[in-house]
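Sequence and predicted structure, then a few things I'm wondering about:
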Amino acid sequence: MGSPNKASATGGGDDSPSPSPSLRTSSLLRRVGSVRAHRNDLSERLGLLRMMNPSSARRRSKSNPQVASPPSTPRFFVQEPPSHRKGLPAWDRAFDAVYHSSSSHTSNFSDTLTSFFKDHGRSRPSSGYFRLPDDIRQRICNLVLPVIDRPVRLNRIFFTRDVWREDDLASPTSALLPLAPCLRVSFAFRADILVAFLQSVTLHAVFSPFVGCRVNPLATTWLNRYGPYARSVAVEIDMSRLGCGPADSATCLLPDVEHIEDLVCEFVDSQLRRKESLPLQNLILLCRRFYGRRGSSLSRPNTGRSSGASSSSRGNSAEDIRFQSPEMYASMDELMKQMTEETVSSPFEMPMPSPLPQTEYCPDSYLLFCNYIVHLKGRINSLRMCGFDETYTTRFMATLFSDVSTGQAYRVAPSTIWPRLSGQKSCLDAGDGYTILDEHQVQSALNAPTALRPWEGCVQLPPPIPDEEGNPSLPPMVGDLQRLRTPYARTVTSLSERTCDQMLKETGGLRNGSDKNRFLRFMEKYGKKKKKKKQRTLTREASATM
């Protein structure tokens, strides 16, 4: 017998040794064993899955139909929309005011489009499609744009769900996503579509401590870039978070007013790029905050822990409670001594907790950063404010508009901006000068006629209409909206038109001295004889703030 090397040399001339049959058999057996082991591993995993999922364990294959099992019904998990918070303190919606300026400057499509090209360093084309007049191209763009009859929210739904329903604001996906193919055609066609869109909708942005460029790019970067070409903008300042939150422990947090102030300043700086000949037609300024003061709580004994309050953010108020904090570079002996004195020395002689003074949820001093909006004087035609104090709103409007006049302004009482969400409550002006608590038991929007629904919500109401004698009066739809919240008719000042005799009959007469004094104060403030004096007082306040 020859050696394997010789056989390989004579057979093929290959010097490499060939594997023996025993080696081939062993390698084949190892492969078969690995396949079996892998199959067993898969069967074990399938068995574990069946044990973990009882519904799949009851299923039988077609090859082994031992037990007839009914077909499984597929389950579809529908993601429920996020709900609003419930059990909150009452919202502050007591004062809702509307002012319309008599300025003759109005923004139009052609002038806004020219400003858009100039700001981007481009020249307007005049060939092909763009040879058509601007008004014809605007009509074409309006046919392409989706029909949107609600304000377009620029924030995620997390920032609006506490006070707005999902149907109250249009999502940016439904408003901007259909425009994506048109925006890719060319710069000129993109300018036409974008300007036509901004001239036909109301942009709604929420400024809160949690709003930023990364979380809400539409409400910050996009609004500051394209907001100067918009016709109507609604800015809602959320002062119901952190230090202004509903919980009693919120007093240990900062309100982060500085961050909201930066957002407002950036918005105002972007709007200052407007020309005075192209003003913002409507500005709706809202403040989302809780009404009144917090309930009295028990004070904690001095434990050496800082409450986190900041005098720069909370203002110099005598009601601010500050707790002592340990020194930054205190030694370990001093810290141990302080801890021993507080907790170990006399545990039975701890001072009894005393009630803390009641503090406001959101003091008016927190909202002073809104004064920066006054820099837009001459660039706003109409303003609607809600959620602010009456005195602040009056002075704010008198400073913003140089042609301030009581004939161009009116109050909406009760306010019709925010919807009535179940499980919440709000403080409203009933129209008689007194603030009432609305428990949100009746959904007024469900009972509103079809013709009034476009005017209810975050929209600007029309200017007052002069009557036959030339006196300003409420527009008819505003009076109808107010009657949805209260059964009494309203005048231009949103006060009740009931006579003194009717009020006496409804209340059953003056039962005691307190009711009599209350009624006399009401007549002294809102009576017809004091109407001129009230106007002169407001005029002096307005002239003092100019």
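All right, it came through fine.

Show me which positions of stretch 127-146 end up buried.
For stretch 127-146, the neighbour count (16 or more other CB atoms under 10 Å) marks 134, 137-138, 141, 145 as buried. The C-beta positions use only the backbone N, C-alpha and C, and glycine is treated the same way.

ok, now stretch 279-289?
So stretch 279-289, judged by 16+ other CB under 10 Å, has buried residues 279-289.

just the residues you listed now: which is nearest residue 197?
Set against residue 197, the nearest of the buried residues of stretch 279-289 by CB to CB is residue 281 (15.0 Å).

give me phi/psi at the closest one?
phi -70, psi -50 (degrees, to the nearest 10).

OK, contacts around it?
106-107, 231-232, 381-382 (CB atoms under 8 Å, 6 or more residues apart in numbering).

For residue 147, grab phi and psi.
phi -80, psi 110.

Could you give the number of residues near it?
Using other CB atoms under 10 Å, residue 147 has 6 neighbouring residues.

Residue 116 and residue 240: what is the separation?
36 Å (CB to CB, to the nearest Å).

and what of residue 366?
12 Å.

that older thread, quick one: which of the contacts of residue 281 is nearest to residue 152?
Taking these together and measuring to residue 152 by CB to CB, the closest member is residue 232, at 10.2 Å.

need the helices for the stretch 351-500 of the chain, in chain order.
For the stretch 351-500 of the chain, the helices defined by DSSP state H, counting those that start in this stretch cover 390-400, 444-447, 476-485, 500-507.

rank those by mean pLDDT and give me the bottom one.
Of all the helices of the stretch 351-500 of the chain, mean pLDDT reaches its minimum on helix 500-507 (a mean of 40).

So which of the buried residues of stretch 279-289 belong to strands?
The strands, defined by DSSP state E, take in 280-288 from the buried residues of stretch 279-289.

for the closest residue to residue 415 other than its chain neighbours, what are its contacts?
Excluding its sequence neighbours, the residue lying closest to residue 415 (CB to CB, 6 or more residues apart in numbering) is residue 96, at 3.7 Å. With CB under 8 Å, 6+ apart as the criterion, the residues that contact residue 96 are 384-386, 411-417, 429.

Please look at residue 189 and residue 182 and confirm they touch.
Yes - at 6.6 Å, residue 189 counts as touching residue 182 under the criterion of CB atoms under 8 Å.

Find the residue closest to residue 472 in space, skipping its chain neighbours.
residue 464 (3.9 Å).

where in this protein is pLDDT low?
Scanning the chain for pLDDT under 70 picks out 1-84, 104, 296-358, 404-407, 442-451, 485-546.

Identify the residues contacting the nearest residue to residue 159 once chain neighbours are set aside.
Nearest-residue entry for residue 159: residue 206, 4.5 Å, with adjacent residues in sequence omitted and distances by CB to CB, 6+ apart. Contacts for residue 206 (CB under 8 Å, 6+ apart) come out as 153, 155, 159-160, 216, 219, 236-238.

Can you show me the strands along the stretch 151-300 of the chain?
152-153, 202-207, 232-238, 280-288 (DSSP state E, counting those that start in this stretch).

Tabulate those (TSV), appending distance to residue 441.
Formatted as TSV, the strands of the stretch 151-300 of the chain follow (distance: least, CB to CB, whole Å):
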stretch	distance to residue 441
strand 152-153	27
strand 202-207	27
strand 232-238	25
strand 280-288	21
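
closest one to residue 89 among the ones you listed?
strand 280-288 (12.2 Å).

who does the closest one pair up with?
strand 232-238 (parallel), strand 380-386 (parallel) (DSSP bridges).

Format the ones you listed as JSON lines; extra columns: distance to residue 392 and mean neighbour count.
Output for the strands paired with strand 280-288, formatted as JSON lines (distance: least, CB to CB, whole Å; neighbours: other CB atoms under 10 Å):
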{"stretch": "strand 232-238", "distance to residue 392": "13", "mean neighbour count": "24"}
{"stretch": "strand 380-386", "distance to residue 392": "9", "mean neighbour count": "23"}
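
hmm, back to that, identify the bridge partners of the residue nearest to residue 415.
residue 386.

just residue 435 next, same as before
residue 429.

Is it in contact with residue 426, as I believe?
No - Residue 435 lies out of contact with residue 426 (CB under 8 Å); the separation is 10.1 Å.

what residues do these two have in common as contacts?
Residues within reach of residue 435 and of residue 426 at once, by CB under 8 Å, 6+ apart, are residue 291.

Among those two, which residue is more densely surrounded?
residue 426 (24 against 17).

and the gap between that one and residue 386?
Applying CB to CB to residue 426 and residue 386 gives a distance of 11 Å.

which among the contacts of residue 96 gets closest to residue 268?
residue 385 (15.5 Å).

Select, out of the strands of the stretch 151-300 of the chain, the one closest to residue 91.
Between the strands of the stretch 151-300 of the chain, strand 280-288 lies closest to residue 91; by CB to CB that is 7.2 Å.

Start and end of stretch 411-423, how far apart?
Start to finish, the residues bounding stretch 411-423 are 27 Å apart (CA to CA, to the nearest Å).

cool, and stretch 408-421?
Span of stretch 408-421 from end to end, CA to CA: 31 Å.

what does stretch 224-244 give?
27 Å.

about what we covered before: can you name the two of the ones in strands among the buried residues of stretch 279-289 that are farthest apart?
Largest pairwise distance in those, by CB to CB, is 23.4 Å, between 281 and 288.

Dig out what residue 288 forms beta bridges with.
residue 238.

Next one: it from residue 399, what distance?
23 Å.

swap in residue 235?
Distance from residue 235 to residue 399, by CB to CB: 17 Å.

Over to residue 441?
39 Å.

When the two are compared, which one has more neighbours?
residue 399 (16 against 8).

That one touches residue 374, doesn't it?
Yes - counting by CB under 8 Å, residue 399 touches residue 374, with 5.3 Å between them.

In terms of packing, which of residue 116 and residue 240 has more residues around it?
With neighbours defined as other CB under 10 Å, residue 116 and residue 240 compare such that residue 240 has more, 23 against 20.

tell me the contacts of the more buried one?
So, once contact is read as CB under 8 Å, 6+ apart, residue 240 ends up touching 88, 162, 246, 288-290, 361-362.
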